[in-house]
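> Need a 3D model of the following:
(one chain, ligands or ions: 4)
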Amino acid sequence: MPITNADLHCHSVVSDGTLTPEALAARAAANGVELWALTDHDEIGGQQRAAAAARENGMRYLTGTEISVTFAGETVHIVGLGFDPEDPRMLQGLTATRGGRGARAIEMSDQLAQVGIHGAYEGALKYVGNPELISRTHFARYLVEAGICKDTSEVFRRYLTDGKPGFVPHRWASLRDAVQWITQTGGAAVIAHPARYRFTPTEEYALFTEFKAHGGQGVEVVTGSHSAAEAVRYADTAREFGLAASRGSDFHSPDESHTDLGKLPPLPADLTPVWQLLADRIR
Ligand code: AMP
Ligand code: MN
Ligand code: MN
Ligand code: MN
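Residues are numbered from 1 along each chain as shown. Ligands and ions are numbered 1, 2, ... in the order given. Model (predicted):
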């Protein structure tokens, strides 16, 4: 039986999600997911728990992560699937990528203090499940708790995006390194939610061209971050560049995410699902 309900993008408390790997697995299985991957940001500390929980819930599993990359001055996310989670090249690459987050968070907090929001670092830390992975999402949750904004989207809009008072520019991994950490360790690299980047057409073309040249194999077509029209558009991009297609909710939290695990439209039938390239990596 071919797999149709694959959800290959979500986050646990090991990065900026609010559920444990076990709770996510139970929720995915209850929603009919057949093949699952936990893709915490820059971190694979939840992989063993996720794989075990997938097995207990009767789902197949692919190892996963979502690597932060800087390309043409923008942050781009590259999802890795099916790599060997014990390979030192992946482990060292992710450790290095996580490295700057602590100092960045303190700088964010200092900037927020200058606009009258005090104690944001300590506040964000209350929401952090993994001391190596403090993210903007944790700040957003604290600013909502503190009554400064009504929801996390408003926090990002007013404080945490480029040009806003709590935004600290950051240099992440290179596209080439991230793709190679994934592919050299047996996995497939996938461009996450391409519609979210503010690239010119030329920059976007360069992203896909360089990604392919480095050995990248897939693009997210159906994701919680895309509208129906954006899915159509990136299905065309997948065809144009000869990329496989991925499907993932990008679920973070029952309170914050509007797309639940496994609750997505199917991939267009003519595209190659990325998990077909990873048949021998599925557990
Ligand atoms: P960071 O890796 O610390 O830069 O945080 C990035 C995370 O912030 C993303 O993975 C999303 O979970 C979250 N995020 C980014 N932009 C928004 C937004 N506009 N609204 C809500 N969450 C966002
Ligand atoms: Mn996130
Ligand atoms: Mn992302
Ligand atoms: Mn994500």
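
> Please list the residues of the stretch 101-250 of the chain that sit near ligand 4.
Counting by CB under 5 Å from the ion, the stretch 101-250 of the chain comes close to ligand 4 at D250. From N, CA and C alone the C-beta is placed, and that goes for glycine too.

> what about the helices in the stretch 101-250 of the chain?
Assigned by DSSP state H, counting those that start in this stretch, the stretch 101-250 of the chain shows helices spanning 101-114, 120-125, 136-145, 152-155, 175-183, 201-213, 228-241.

> And for the fifth one, what's in contact with it?
Meaning helix 175-183. Contact partners of helix 175-183, identified using CB atoms under 8 Å, 6 or more residues apart in numbering, comprise 67, 69, 71, 76, 78, 80-81, 83, 89-90, 93-94, 97, 173, 188-189, 207, 210-211, 214-217.

> can you check the first one too?
Helix 101-114 is touched from outside by 42, 118-121, 124, 132-136, 139, 159-160, 165-168, 170, with contacts defined as CB under 8 Å, 6+ apart.

> again, 7 Å this time
The contact list for helix 101-114, computed with CB atoms under 7 Å, 6 or more residues apart in numbering, reads 120-121, 124, 133-134, 139, 159, 165-166, 168, 170.

> Tell me what angle it forms with helix 136-145.
Counting by axes from the mean of the first three to the mean of the last three CA atoms, to 10 degrees, helix 101-114 lies at 30 degrees to helix 136-145.

> Return the set of buried residues in helix 101-114.
Of the residues in helix 101-114, 101, 104-105, 107-109, 111-112 count as buried by neighbour count, 16 or more other CB atoms under 10 Å.

> now do the shortest one
Taking 16+ other CB under 10 Å as the neighbour-count basis, helix 152-155 is seen to contain the buried residues 152, 155.

> CA atoms of it as CSV?
Taking C-alpha atoms only, helix 152-155 is exported to CSV below (Å, rounded to 0.1, in the frame of the first residue of the first chain):
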residue,chain,number,x,y,z
THR,A,152,2.3,35.4,18.7
SER,A,153,1.6,36.6,15.1
GLU,A,154,1.2,40.1,16.4
VAL,A,155,4.5,39.8,18.3
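
> name the helices or strands packed onto it?
Judged by 3 or more CB pairs under 7 Å, 6 or more residues apart in numbering; DSSP states H and E, helix 152-155 is in contact with helix 136-145.

> Secondary structure element holding the residue most central in space within the chain?
The chain has E66 as the residue nearest its centroid, 4.1 Å off, counting by CA atoms, centre = their mean. Taking DSSP states H and E as the criterion, E66 maps to strand 64-71.

> who does that strand touch, helix- and strand-wise?
strand 74-81, helix 88-98, helix 175-183.

> I'd like the mean pLDDT over it, please.
Across strand 64-71, pLDDT averages out at 98.

> Tell me which residue of the stretch 101-250 of the chain lies closest to ligand 3.
Evaluated by CB to the ion, the stretch 101-250 of the chain has A192 as its residue closest to ligand 3, separated by 4.8 Å.

> which residue packs closest to that residue, ignoring adjacent ones?
Of all residues not flanking A192 in the chain, H77 sits nearest, at 3.8 Å (CB to CB, 6 or more residues apart in numbering).
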